[in-house]
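Enquirer: Just a sequence and a predicted model for now, questions to come.
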Amino acid sequence: KAGVTQTPRYLIKTRGQQVTLSCSPISGHRSVSWYQQTPGQGLQFLFEYFSETQRNKGNFPGRFSGRQFSNSRSEMNVSTLELGDSALYLCASSPQAGWVTDTQYFGPGTRLTVL
Amino acid sequence: GQQVMQIPQYQHVQEGEDFTTYCNSSTTLSNIQWYKQRPGGHPVFLIQLVKSGEVKKQKRLTFQFGEAKKNSSLHITATQTTDVGTYFCAGRDSGGGADGLTFGKGTHLIIQP
């Protein structure tokens, strides 16, 4: 099976712009989670989706949003970018909802740089 | 919210020495998972522990889940250069997991040949 894919892999934006990142989970996986990874804060949970419904949301401002489509593909959007949003954004898929089985299969990530 | 503390932040060892990283949660966990991230890579799932007091082994790696399901450890015997990377623990609060999966900040394992 193909792994989790994320597009784009690298992105450079300027402050105030918005960005949309895409994630395609492993075939058959219905749960998608997003994480932000920075050297200072480590891996921080953004949101978790299962069957097109947001199940959990991390402690991030409303500028961060996401959605999941019927084919389980997911997108996350960050509006009004700030310098502090520069990070590696990781998507992970799981066969079922997180409270059933938590194994996360991570994609390669999107490296976002905000100038 | 739930917090997961992981120590040490960095560990330098000589090749062949043992290595241990510890994980402590502020709340009782439904399960604990361990991941490894190589430099420049993404986290890769190693194992999940579910039962109180559970111990699992994978070759030179031994994973333990505490009796109270609030702490865990990963022990590597006779480290090799291929063990280099950052080891993360991650857990979900047993009360429903509204915080999602919480990761520790990781232990960076540096091996000197």
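Expert: That came in fine, so what should we check first? Numbers count the residues shown, from 1 in each chain, chains lettered A, B, ... in the order given.
Enquirer: number of nearby residues for A:His29?
Expert: 18 (other CB atoms under 10 Å in any protein chain shown). (Glycine included, C-beta is placed from N, CA and C.)
Enquirer: got it, and the one 3 residues further on?
Expert: A count of nearby residues for A:Val32, using other CB under 10 Å, gives 28.
Enquirer: what's the nearest residue to it if we skip its chain neighbours?
Expert: The shortest distance from A:Val32 to any residue other than its chain neighbours is 4.1 Å, reached at A:Ser74 (CB to CB, 6 or more residues apart in numbering or on different chains).
Enquirer: Check what pLDDT that neighbour gets.
Expert: At A:Ser74, the predicted lDDT confidence score is 97.
Enquirer: Quick check: the closest residue to A:Phe69 other than its chain neighbours vs A:Ser33, distance?
Expert: Ranked by CB to CB, 6+ apart and with sequence neighbours excluded, the top spatial neighbour of A:Phe69 is A:Glu52, at 6.8 Å. Taking CB to CB, to the nearest Å as the measure, A:Glu52 falls 14 Å from A:Ser33.
Enquirer: So which of these two has more stuff around it?
Expert: Between A:Glu52 and A:Ser33, A:Ser33 has the larger neighbour count (other CB under 10 Å), namely 28 against 13.
Enquirer: Setting aside sequence neighbours, what's the nearest residue to that one?
Expert: In space, and not counting its chain neighbours, A:Ser33 is closest to A:Glu48: 4.4 Å by CB to CB, 6+ apart.
Enquirer: partners of that neighbour in the sheet?
Expert: Listed beta-bridge partners, A:Glu48: A:Ser33, A:Asn56 (assigned using DSSP bridges).
Enquirer: Need the nearest residue in space to residue 55, chain neighbours excluded.
Expert: Reading this off chain A. Spatial nearest neighbour of A:Arg55, chain neighbours left out: A:Glu48 (4.8 Å); criterion: CB to CB, 6+ apart.
Enquirer: Actually, chain B is the one I wanted.
Expert: The nearest residue in space to B:Val55 (CB to CB, 6+ apart) is B:Gln64, at 5.1 Å.
Enquirer: can you pull out the helices in chain B?
Expert: In chain B, no segments count as helices under DSSP state H.
Enquirer: Would you pull up how far the lowest-mean-pLDDT helix or strand in it lies from the middle of the chain?
Expert: Least confident helix or strand, chain B: strand B:102-103 with a mean of 90, by mean pLDDT, DSSP states H and E. Here strand B:102-103 is found 11 Å from its chain centre; the criterion is CA atoms, centre = their mean, to the nearest Å.
Enquirer: Can you give the contact residues for that strand?
Expert: Contact with strand B:102-103 is made by A:35, A:42-45, B:1-4, B:25, B:35, B:88-93, as judged by CB atoms under 8 Å, 6 or more residues apart in numbering or on different chains.
Enquirer: Now do the buried residues in stretch A:10-18.
Expert: Judged by neighbour count using 16 or more other CB atoms under 10 Å in any protein chain shown, the buried positions of stretch A:10-18 are A:Lys13.
Enquirer: State the distance from B:Gly85 to chain A.
Expert: 13 Å (CB to the nearest CB, to the nearest Å).
Enquirer: pretty sure that residue is in contact with B:Leu109, am I right?
Expert: Yes. Taking CB atoms under 8 Å as the contact criterion, B:Gly85 and B:Leu109 are neighbours in contact, 6.2 Å apart.
Enquirer: Quick one: name the residues of chain A near chain B.
Expert: A:33, A:35, A:41-45, A:47-48, A:56-59, A:90, A:92, A:98-99, A:101-109 (CB under 8 Å from any CB of the partner chain).
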